[in-house]
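Undergrad: with the input below, show me the fold.
(one chain, ligands or ions: 2)
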Amino acid sequence: MFDYRLVAVCPHTGARAGELVTPHGVIETPVFMPVGTQATVKAMTPEELVELGAQIILSNTYHLYLRPGADLVAEAGGLHRFMRWQGPILTDSGGFQVFSLSALRQISDEGVTFRSHRDGSSHFMTPELSVAVQEKLGGDIAMCFDECVPWPTTAEEADRAVSRTTAWARRCLEAHGREDQALFAIVQGSVFEPLRLRSASELIELDFPGYAIGGLSVGESHDAMYRILDVLNPVLPRHKPRYLMGVGFPTNLVEGIARGVDMFDCVLPSRNGRNGTLFTSSGRMNIKGSRFERDFGPLDEACDCYVCRNYSRAYVRHLHRSGEILGARLCTWHNLHFLVHLVRKARKAIIDGSFPDFRRRFLEHFMEGAY
Ligand SMILES: CCNc1nc2cc3[nH]c(NC)nc3cc2c(=O)[nH]1
Ligand SMILES: [Zn+2]
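TA: Ligands and ions are numbered 1, 2, ... in the order given. Below is the predicted model:
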C-alpha cells in the first residue's frame, strides 16, 4: 500500500534516488510537487500536468475546509474524482495556513481558534479535526497538524512549539484510521539545532511512514536552512521519505537534494508564472522586459516543454503585457515543467553517479537574476 525504497545514494553528498509506492501510483524521488491549493493547480488542467511530468500534487486543507467543505468533496468521491487527478495527492494539515492566512484568535494545547480570512467566520481547528478533514478529502498522504513558528523567534517560543507539535502529532496518529492514506509527521524547532534534534527524536519514536521538515523557507537565510538540513539528514530514518515544505527556488531544490531531501513543494512556479517571472537554464528572467519585444526564440533554448516548442518570447511577452490569461497559463506551464524536470535530471544524475557534477554545472549556469 505505502512503501519507500532507496534506489541509489550519491556517495559524495548523500543525495538519494528512491521510489515511493502509493495507492495512486509509484513516485520517483526526488520529486517536485505542484501546489493545487483549492483542488486545482492554478491555470493547468490535469492532462496538462501529466504532459509536463507532474507525478504528485498538493492540496490545502485550510482552504478546502472553508470552501467547498470536506463533506462536499467526500460526496464527490474524494479529491481524485472531484478534480480528475488520478495520480497521488498530498494534503497539508492546515497548520501553516491557519497561522499565516487566518486572523489568528487563540492558540492553546487543545487547538487553534481562528477567523476565516474569507468571511471572518470563527473556527476551532484541532489535530483531530485536521485528520478528519484530510480523511474525507482522501489524499494519499496526509500531514500532521503542527505549529510552525514564524522566523525570527525565540528559543523559548520554538521550544514550546516543538512540544505542542509532538503532542499534536500523537493525537493525529491516534485519530487517523484511514488505511489507504499515509500520515507524515512534521519536524519543527526553527533554527535551533538542539530543538530540531528533540523534535526529530520524539517524532521518530512515534514511527511515522514519512517525515516533513517544517518551519523553514519562512524568511531564514539559505545558510540557516542548509545547516538545519545537515543536522537532520543523519538522524531522520534513512528508509523513509523526507519532505522539505515550501521549497522552493531552483538552487534550494538542488541543495536540498544534496542534503538528503526527497520531496519538495512550492507555489513559486505558479505564482511567478502569473507575473511573467520565468525559471530558465540560465537563471530567472521576466518576460515583460523590453529586450524581448522582438525576440522570436523560445523562452528557454534548453527547454523542451510544450511552451518552448511552440511559442516565442515576443508572443508570451505580448500576452502578458495585454493581460491575456494565456500568458499566465504558458509561463506557469513552463515553470512547472522546469522544476519537475530539474529534480528528474538530479535523480538521473544520482543514479548514474554524476550528481556532484550535475550540482556544480547547474549552480554555475543558474546565476540568480541572470537576465
Ligand atoms: C502541513 C501544514 N504544516 C506546515 N506547513 C508548512 C508550509 C510551509 N511553506 C513554507 N514556505 C513557503 N514553509 C512552510 C512550513 C510549514 C510547516 O512548518 N508546517
Ligand atoms: Zn519550457
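Undergrad: whichever residue of the stretch 1-150 of the chain sits closest to ligand 2: what's it in contact with?
TA: Taking Cβ to the ion as the measure, the stretch 1-150 of the chain has L52 as its residue closest to ligand 2, at 9.0 Å. Where C-beta positions appear, they are placed from N, C-alpha and C, glycine not excepted. Counting by Cβ atoms under 8 Å, 6 or more residues apart in numbering, L52 touches 44, 305-306, 333, 336-337, 340.
Undergrad: relative to ligand 2, how far out is L203?
TA: 39 Å (Cβ to the ion, to the nearest Å).
Undergrad: pretty sure that residue sits against L183.
TA: No: with contacts counted by Cβ atoms under 8 Å, L203 stays clear of L183, the gap being 11.3 Å.
Undergrad: which one's the longest helix in this protein?
TA: Counting residues, the longest helix found in the chain (DSSP state H) is helix 325-351.
Undergrad: so for it, mean pLDDT?
TA: The average pLDDT within helix 325-351 is 98.
Undergrad: tabulate the CA atom coordinates of the following helix or strand past it in CSV.
TA: Sequence-wise, the next helix or strand downstream of helix 325-351 (DSSP states H and E) is helix 355-365. C-alpha atoms of helix 355-365 as CSV (Å, rounded to 0.1, in the frame of the first residue of the first chain):
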residue,chain,number,x,y,z
PHE,A,355,25.3,14.2,-9.1
PRO,A,356,28.3,16.3,-7.8
ASP,A,357,29.0,17.2,-11.4
PHE,A,358,25.3,17.9,-12.1
ARG,A,359,25.1,20.1,-9.0
ARG,A,360,28.2,22.1,-9.9
ARG,A,361,27.1,22.7,-13.5
PHE,A,362,23.6,23.7,-12.5
LEU,A,363,24.7,26.2,-9.9
GLU,A,364,27.3,27.7,-12.3
HIS,A,365,24.6,28.2,-15.1
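Undergrad: which of the contacts of L52 lies closest to P269?
TA: L336 (4.9 Å; Cβ to Cβ).
Undergrad: up against ligand 1, what does the stretch 201-350 of the chain have?
TA: 214-218, 245-246 (Cβ under 6 Å from any ligand atom).
Undergrad: how about the stretch 51-200 of the chain?
TA: Checking the stretch 51-200 of the chain against ligand 1 by Cβ under 6 Å from any ligand atom, the hits are 92-93, 95-96, 143, 146, 148, 186.
Undergrad: got a list of what R16 touches?
TA: Counted by Cβ under 8 Å, 6+ apart, R16 has contacts 6, 8-10, 29-30, 260, 262, 350.
Undergrad: quick check: next helix or strand after the worst-scoring helix or strand of the chain on mean pLDDT?
TA: Every helix and strand of the chain was ranked by mean pLDDT, DSSP states H and E. The lowest is strand 103-107, at a mean of 82. Downstream of strand 103-107, the first helix or strand assigned by DSSP H and E is strand 112-115.
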